[in-house]
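>>> Got a predicted structure here, sequence first:
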Amino acid sequence: NAGVMQNPRHLVRRRGQEARLRCSPMKGHSHVYWYRQLPEEGLKFMVYLQKENIIDESGMPKERFSAEFPKEGPSILRIQQVVRGDSAAYFCASSPITGWTGELFFGEGSRLTVL
Amino acid sequence: LAKTTQPISMDSYEGQEVNITCSHNNIATNDYITWYQQFPSQGPRFIIQGYKTKVTNEVASLFIPADRKSSTLSLPRVSLSDTAVYYCLVVLNSGYSTLTFGKGTMLLVSP
């Protein structure tokens, strides 16, 4: 049973380019969460999605960031016109639709470096 | 959401028992205490969760006093591979909860 899969693991972008990070949740999970971790910092919640719905985006920056979780395919976190401050590790986590226990299953993360 | 406070760092040696205490003075009735572990360059991993008294699994024990304003994660006989950041979280165990991670406790285990 594969875990949460994130790709790419590492991404390098120049300022002004776009970054797309993908996340496939664990089999049977339909809730996806995105977190960002800056160097030497804890994880910060960004957005919570269910299939085709954004449930909570209170942690998303108002501009340049967007997320989706389509009916088919992975969840995507999109960062437009990246700036150096976007350099961070972006973690995706998933949980099952029922039986929430407080346990999130995290992927290995995608490390974005903005030059 | 209840805020948690835990030490920034701890040092230990192989074979010792490590106890990491977390305070959560404003914990609500329906909140659970949850601990995660994060190794460098990896995502966090759920360790243990409890509501009150003591919970034990194959990895750790969690001690929660009656007032639930604090909790202690106990790692028996640590090894070098237990070097990691440990996060204490308070989670509403109903529906969903956007987990709030603090900076955690960096545990360094030395030979």
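Okay, I see it. Quick caveat: nothing in here was measured; it's all calculated off a predicted structure.
>>> Now the phi/psi pair for the residue of chain A at minimum distance from chain B, please.
Using CB to the nearest CB, residue A:106 is the residue of chain A that sits closest to chain B, at 3.0 Å. The C-beta positions use only the backbone N, C-alpha and C, and glycine is treated the same way. Taking degrees, to the nearest 10, you get phi -100, psi 150 for the backbone angles of residue A:106.
>>> That one touches residue A:93, doesn't it?
Yes - in this structure residue A:106 lies within contact range of residue A:93 using CB atoms under 8 Å: 4.5 Å.
>>> And for the closest residue in space to residue B:43 that isn't next to it in sequence, the neighbour number?
Of all residues not flanking residue B:43 in the chain, residue A:106 sits nearest, at 3.0 Å (CB to CB, 6 or more residues apart in numbering or on different chains). When neighbours are defined as other CB atoms under 10 Å in any protein chain shown, residue A:106 has 22 of them.
>>> Please apply the same query to residue A:86.
20.
>>> For it, which residues are in contact?
Counting by CB atoms under 8 Å, 6 or more residues apart in numbering or on different chains, residue A:86 touches A:19, A:79, A:112, A:114.
>>> what does residue A:109 give?
Residue A:109 touches A:6, A:9, A:37, A:89, A:90, A:91, A:92, B:41, B:42, B:43, counting by CB under 8 Å, 6+ apart.
>>> Ok, residue B:81 next?
residue B:109.
>>> Kindly report the same for residue A:113.
A:10, A:11, A:12, A:13, A:87.
>>> Would you mind measuring from it to residue A:61?
18 Å (CB to CB, to the nearest Å).
>>> Same check on residue B:23?
31 Å.
>>> Helix or strand for the most centrally placed residue in chain A, just tell me which one.
Nearest residue to the geometric centre of chain A (CA atoms, centre = their mean): residue A:34, 3.5 Å. Using DSSP states H and E, residue A:34 falls within strand A:29-37.
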